[in-house]
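Participant: Pasting the sequence and the predicted coordinates here, then a few questions.
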Amino acid sequence: MKKNSILIVDDEVSVRDSLYNWFLEDGFEVSCAEDASKALKMLDHEHFDIILADIKMPGMDGLELLRRIKQIIPDAVVIVITAFATVDTAVQALKDGAFDYVTKPFDPDDLSHLIRNALRQLSLQEENENLRERVTALEQVEDIIGQSDAVKKMLAEVEQVAKSNTSVIITGESGTGKELIAKAIHANSSRKFFPLVSVHCGALTESLLESELFGHEKGAFTGAVYNRKGRFEMADNGTIFLDEIATISSKMQVELLRVLESKSFVRVGGNKTITSDFRVICATNRDLKKMVNEGSFREDLYYRLNVVNIKVPPLRERKDDIPLLVNYFIAKYCKSMSRNKVTIEAAALKRLQEYDFPGNVRELENLIERAIVVGNGKEIRLRDLPLSKTTPAPKTESLNELERQHINQMLSKYGWNISHTAQALGIDRVTLYNKIKKYDLKQES
Amino acid sequence: MNNVNQINLIPFRIVDKTLLEMLRYETSNIFACRVQLKEARTELGQFFDGSRRQYNADQLLQMVDQKYGQENTKTAGLFQVDLFIPILTYIFGQAYLNGRTAVASGYRLANERYGIKSEQSVYYNRFLKEVVHELGHNFGLIHCRNIGCVMQASTYVEDIDLKNADFCPTCRRQLEQ
């Protein structure tokens, strides 16, 4: 068990020795300093949990020492002791940040109480710090990986918008990481110590979404056996993230607009108005402006939500980031599967960079996860990546070239196993050999 | 305990032979070691602080160490005077942690000091616990948080009454190492 440390600062050797023995017997690590300057020197390179300092000392007195300590270590627990007690010095010491003030000689019990309280204070400080770190860690978003100009531009927008309180719409294709951007905005905002509440609007029917967002009172509908807080209420002081906002019905659009404007609502089946202070971030993979023009999305709601629009680029527009993302996902999944970190062969990486990723980063992540599961545990090979279906898009109109490309892809997919490839192509092995010869196909090393 | 072959108890101005014999016998049992009562030949007047009307325990401890301390022996000076150290109003006793000398006083251990009816067995028990506690420090033990352990810190006599005269298993293990 770690011992608590204490520094005794007193010019009287008898006091130092008495306290030294007392605290040693109490299991402390004890150090002594005969004056304030020596104490400050010790504090330069050593940490002490508690500092006991006499007020009346030649040279720098205890009050000045206290002020200097508080400048260097604001959280330091300093107890000042003196034989010359006056209310003024006591008040001054406390004003300057002393934990407590005692007049010597004091009862052994007072000293014990004082130290116990100081240790409790220390443990509370430590607990507070740990909790703060844990909350920050919880709120911390996964890194947004990318060095491409598109990502840099987007991150600059995120940083700028995070500090404000405005509504944000994040647009981008499915799988581009819109929720990650929402988390980043929340984590960098002043609301970060309050909840980020996500609602997947597309996954809920109109009535369920209404109950989910506004909450409901007991007996509001069949199955409503308890009062339930809605997501708007849960997001009080925090952020609400409405994913797939384009899927909500016209009725919900009206309700949502009203809530956004008044920041108040009534639970389903209730009659009490509830107010909540939340910030709204929405995401969609649809063109909301087009929907407005077509009349399927309310124009007033569109303008209410679309104060800032952040566009998340599809992966095919930032292919330079693919190696970084691949490494990130390899590290992530090897760690979560408790495996040694694998590498990726050059051909496989090249293939990934050629691919268009219609499913964007999510598709790449799934590919890497799968490859680590089915792979040999050392290297992700081309054969571990099932990419043959769609890409690269044919750049030729020649039937022969198309055949060459297709056979090549199938050979890669089956690891140049002639029997399996021939079977998949619906031709016999001899024909496949002939085609390989004809197109001069070679297995990549 | 390996190098310690004896404990010496040095009573200063204590005439209660029953108390001294009890202390010798019980400490011998608790520490499983030979315990001897030795005669003290030191005048205590020089250790008296007139302004506080108390005896300076730091100086007494030093005196016991210098005059009566021996190699491979733990020595406890036993007193019937009010002890203090400069920073505290009083103490029951003190010792050199991991050292060879301790002091303990029965002055504040008697019921009558607090206006309560005198009870010899209570007083004896408190004195024994105090002596064992200080000798425990000599053997390197620090204050213990286990309820009932003699090494629990005590700032009032009531605290002393709540603990036993013996060590908890943790302190006992450490003592025997």
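Facilitator: On my side now, so go ahead. Predicted, not measured: the structure shown is a model, and the values here were computed from it. Numbers count the residues shown, from 1 in each chain, chains lettered A, B, ... in the order given.
Participant: show me where pLDDT drops low in chain A?
Facilitator: A:1-2, A:84-87, A:133-143, A:388-397, A:444-445 (pLDDT under 70).
Participant: and it, which residues reach chain B?
Facilitator: A:12, A:14-15, A:17-19, A:21-22, A:24-27, A:81, A:104-109, A:111-112 (CB under 8 Å from any CB of the partner chain). Where you see a C-beta, it was placed from the backbone N, CA and C, and this is true even at glycine.
Participant: Quick one: buried ones out of the residues you listed?
Facilitator: By neighbour count, with 16 or more other CB atoms under 10 Å in any protein chain shown, these hold A:12, A:15, A:17-19, A:21-22, A:24-27, A:81, A:104-105, A:108, A:111-112 as buried.
Participant: which residues in the stretch 101-250 of chain A form strands?
Facilitator: A:168-171, A:196-200, A:215-216, A:228-229, A:239-243 (DSSP state E, counting those that start in this stretch).
Participant: Which strands or helices does the third one pack on?
Facilitator: For strand A:215-216, the elements it packs on are strand A:228-229, helix A:231-234, judged by 3 or more CB pairs under 8 Å, 6 or more residues apart in numbering or on different chains; DSSP states H and E.
Participant: Equivalent analysis for the second one, please.
Facilitator: If contacts are counted by 3+ CB pairs under 8 Å, 6+ apart, strand A:196-200 sits against helix A:178-187, helix A:206-214, helix A:231-234, strand A:239-243.
Participant: send the alpha carbons of the longest one over as PDB?
Facilitator: If I follow you right, that is helix A:178-187. Taking C-alpha atoms only, helix A:178-187 is exported to PDB below (Å, rounded to 0.1, in the frame of the first residue of the first chain):
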ATOM      1  CA  LYS A 178     -21.600  10.900 -39.700                       C
ATOM      2  CA  GLU A 179     -22.300   9.800 -36.200                       C
ATOM      3  CA  LEU A 180     -18.500  10.000 -35.400                       C
ATOM      4  CA  ILE A 181     -18.600  13.700 -36.600                       C
ATOM      5  CA  ALA A 182     -21.600  14.300 -34.300                       C
ATOM      6  CA  LYS A 183     -19.600  12.800 -31.400                       C
ATOM      7  CA  ALA A 184     -16.700  15.000 -32.300                       C
ATOM      8  CA  ILE A 185     -18.800  18.100 -32.300                       C
ATOM      9  CA  HIS A 186     -20.300  17.200 -28.900                       C
ATOM     10  CA  ALA A 187     -17.000  16.200 -27.400                       C
END
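Participant: So which residues make contact with it?
Facilitator: If you take CB atoms under 8 Å, 6 or more residues apart in numbering or on different chains as the criterion, helix A:178-187 is touched by A:139-142, A:144, A:154-155, A:158, A:161-162, A:168, A:170-172, A:192, A:196, A:198, A:238-239, A:241, A:243, A:279, A:281, A:283, A:285, A:310, A:312.
Participant: hey, where'd the helices end up in chain B?
Facilitator: Residue ranges of the helices in chain B, as given by DSSP state H, are B:17-31, B:57-68, B:120-138, B:157-162, B:169-176.
Participant: Next, the angle helix B:120-138 makes with the second one.
Facilitator: Going back to what we said before, that points to helix B:57-68. Helix B:57-68 runs at 80 degrees relative to helix B:120-138, counting by axes from the mean of the first three to the mean of the last three CA atoms, to 10 degrees.
Participant: What helices and strands are in contact with helix B:57-68?
Facilitator: helix A:13-25, strand B:6-11, strand B:73-79, strand B:83-85, strand B:93-95, strand B:101-105.
Participant: follow-up on the earlier one: do you know which of the helices of chain B lies nearest A:Asn130?
Facilitator: Among these, the nearest to A:Asn130 by CB to CB is helix B:169-176 (27.6 Å).
Participant: if we can go back for a sec, and the helices and strands packed on helix B:57-68, which is most packed in?
Facilitator: strand B:101-105 (a mean of 28; mean count of other CB atoms under 10 Å in any protein chain shown).
Participant: near chain A at all, it?
Facilitator: No: judged by CB under 8 Å from any CB, strand B:101-105 stays clear of chain A, getting no closer than 10.6 Å.
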